[in-house]
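# no sequence on this one, just coordinates:
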């Protein structure tokens, strides 16, 4: 159960596919109502986050595998180790197999209720922050959420 909630959080935090860089508008061209500008690099649209949250666990289970045993240190929970990342969406995200996810948006993810709280916080958060360890060293992945 814990790994499933950790998986939800990890994938929701990474949103959908990487955001392509903005293409400059042709000189003198004005944007029309149907044109959508992509968010800046390192950001996700609020609609993408909502879509990821509403997709549910089944969708996420297809793109990330976590080790079923939590990582423990000195008898204490540390996080969940990423076993495998599936699909192109992960190419521009600085997470890789072996990384240990320790928190999402400041919320620990050891217990299902903590994971649920972190998951629900993404609906109104201004950024998505995934705290993790790589080779025993703490790291943090941050993506801004821009309203659209």
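Noted; the coordinates are in hand. As the structure is a computational prediction, the values presented were derived from the model and not from experiment.
# which secondary structure element of the protein has the lowest mean pLDDT?
Among the helical and strand segments of the chain, the one scoring lowest on mean pLDDT, DSSP states H and E is helix 2-14, with a mean of 48.
# show me where the chain dips below the pLDDT cut-off.
Residue ranges of the chain with pLDDT under 70: 1-37, 56-61.
# helices along that one, start to end?
Here the chain has its helices, by DSSP state H, at 2-14, 46-55, 57-61, 112-121.
# got the residue ranges for the strands in this structure?
Remark: strands assigned in the chain by DSSP state E are 43-45, 64-66, 71-73, 76-85, 100-104, 107-108, 127-134, 137-146.
# most tightly packed of those?
strand 100-104 (a mean of 23; mean count of other Cβ atoms under 10 Å). C-betas here are computed from N, CA, C, even on glycine.
# neighbours around residue 74, how many?
Neighbours of residue 74 under the rule other Cβ atoms under 10 Å: 5.
# if we can go back for a sec, want to throw the strands of the chain into CSV with distance to residue 91?
Output for the strands of the chain, formatted as CSV (distance: least, Cβ to Cβ, whole Å):
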stretch, distance to residue 91
strand 43-45, 15
strand 64-66, 14
strand 71-73, 25
strand 76-85, 9
strand 100-104, 18
strand 107-108, 27
strand 127-134, 16
strand 137-146, 14
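# residues in contact with the residue lying closest to residue 148 once chain neighbours are set aside?
The shortest distance from residue 148 to any residue that is not its chain neighbour, by Cβ to Cβ, 6 or more residues apart in numbering, is 4.5 Å, and that residue is residue 45. Residue 45 sits next to 19, 39, 145-148 when contact means Cβ atoms under 8 Å, 6 or more residues apart in numbering.
# what about residue 120, neighbour count?
The burial metric for residue 120, expressed as a neighbour count using other Cβ under 10 Å, is 12.
# partners of residue 142 in the sheet?
Residue 142 forms beta bridges with residue 129, as assigned by DSSP bridges.
# my read is that it contacts residue 131, right?
No. With contact defined as Cβ atoms under 8 Å, residue 142 does not count as touching residue 131 (9.8 Å).
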